[in-house]
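Colleague: with the input below, show me the fold.
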Amino acid sequence: RQFLKTFTRILCLLLCVLLLTGCGINHRKVYDDSVEAFADGDYALAAEGFEKLGDYSNAATYAAYSRGLVLFDQGQYIAAEPYFAKVRNFMYGETRYQYCHGCLLESQGSHQEAAEVFLALGDYENATALYHYNNGRWAESNSDFETALYDYEQAGDYSDAPQRLDALRTQVYDHAVLLKTEGYYQQALHLFGMLGAYYDSAEQARICKQHFRDARYAEAEILYNNGDLQGAYDIFISLTGFSDATTRAEEIGQQLGIELPSVE
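Modeller: Below is the predicted model of the structure:
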């Protein structure tokens, strides 16, 4: 009976040794196969292998990076973000993390912060377009329509940038027409100028400019007739090139003892 107990113990020990030895060989083989898959660009296969190895060697780092690459290549940037967050100091982990983090910020509506992240990435992937899109969203929310129009145009066909650009152009155009109708020609001129070649904005801008100059000229005449020579002079000199404003400025300037600057 004592012999059987001793024999059983020895057999168990041998089995444990064999199992441990076998596990070590399997880990090494899985690791090598996974490294090979990673080198070949088969990141899904590499991730599956590395994820089986737990803390073996640097498998955990490779596993997170590989899984992040799989999701990144699929365009699932938000899902990839936590994987790259674990390996920011490994290979291109930091750059990919920043890109994914920017996408996360965008999805959360933090457009100013997202714009800053994408701007810092320079020409990585399509970060430039993403910068303009997010900066445009932030600018629009702050009623900075000039910046928003420019950025949406620069964002190209990213996300809903074309739709937002068209909607904002329509909004700005309608508001400019209203201002023009109500006689606020200078403000309307500025908005039509922002729109460039959109619809008939260039012609509308020309009309507003004419109305604005006419109104300013008339204002200068009133000031002159009321004895405010300096006020009249300031307006006429600002209208250089329009009607006889330059001549009027010279005449009033002589009365005030002001010599007009020579034009070369």
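Colleague: so who does Ala80 touch?
Modeller: By Cβ atoms under 8 Å, 6 or more residues apart in numbering, the residues touching Ala80 are 67-69, 71-72, 96, 100. (Each C-beta comes from the backbone N, C-alpha and C, glycine too.)
Colleague: try 6 Å this time
Modeller: Contacts for Ala80 (Cβ atoms under 6 Å, 6 or more residues apart in numbering) come out as 68, 71-72, 100.
Colleague: likewise for Asp32?
Modeller: Contacts of Asp32 (Cβ under 6 Å, 6+ apart): none.
Colleague: so which of the contacts of Ala80 belong to helices?
Modeller: Among these, DSSP state H puts 68, 71-72, 100 in helices.
Colleague: residues near Asn89, how many?
Modeller: Close neighbours of Asn89, defined as other Cβ atoms under 10 Å, add up to 9.
Colleague: that one in helix, strand or coil?
Modeller: Local secondary structure at Asn89 is given as coil here, using DSSP: H, G, I helix; E, B strand; the rest coil.
Colleague: give me phi/psi at it?
Modeller: phi -100, psi 10 (degrees, to the nearest 10).
Colleague: closest to Ile258 out of the ones in helices among the contacts of Ala80?
Modeller: Minimum distance to Ile258 across the ones in helices among the contacts of Ala80 is 63.3 Å, recorded for Cys100 (Cβ to Cβ).
Colleague: about what we covered before: most surrounded residue in the contacts of Ala80?
Modeller: Gly68 leads those on contacts (other Cβ under 10 Å) with 28 neighbours.
Colleague: that one against Phe84, yeah?
Modeller: Yes: Gly68 lies in contact with Phe84 (Cβ atoms under 6 Å); the separation is 4.6 Å.
Colleague: got the phi and psi for Glu182?
Modeller: The phi/psi pair for Glu182 (degrees, to the nearest 10) is phi -90, psi 0.
Colleague: from Ala176, how far off is it?
Modeller: Glu182 sits 11 Å away from Ala176, going by Cβ to Cβ, to the nearest Å.
Colleague: looking at the two, which has the bigger crowd around it?
Modeller: Neighbour count, other Cβ under 10 Å: between Glu182 and Ala176, Ala176 has more, with 24 against 10.
Colleague: could you report the neighbour count for the spatially closest residue to that one that is not a sequence neighbour?
Modeller: Leaving out its chain neighbours, the residue that sits closest to Ala176 by Cβ to Cβ, 6 or more residues apart in numbering is Leu191, at 3.7 Å. For Leu191, the number of neighbouring residues by other Cβ under 10 Å comes to 24.
Colleague: for Tyr77, same thing?
Modeller: 21.
Colleague: and it, how far from Val117?
Modeller: For Tyr77, the distance to Val117 (Cβ to Cβ) stands at 12 Å.
Colleague: CA-only coordinates of the host helix or strand of the residue nearest to Ala176 in CSV, if you can.
Modeller: Using DSSP states H and E, Leu191 falls within helix 185-195. Output of helix 185-195 as CSV, limited to C-alpha atoms (Å, rounded to 0.1, in the frame of the first residue of the first chain):
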residue,chain,number,x,y,z
TYR,A,185,-26.6,98.1,-45.9
GLN,A,186,-23.2,97.9,-44.2
GLN,A,187,-24.2,94.8,-42.2
ALA,A,188,-25.8,93.3,-45.2
LEU,A,189,-22.8,94.0,-47.3
HIS,A,190,-20.6,92.2,-44.9
LEU,A,191,-22.8,89.1,-44.9
PHE,A,192,-23.1,89.0,-48.7
GLY,A,193,-19.3,89.4,-48.9
MET,A,194,-18.9,86.3,-46.7
LEU,A,195,-21.0,84.3,-49.1
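Colleague: contacting residues around that helix?
Modeller: Outside helix 185-195, the residues touching it (Cβ under 6 Å, 6+ apart) are 146, 172, 176, 179-180, 201, 204-205, 208-209, 211-212.
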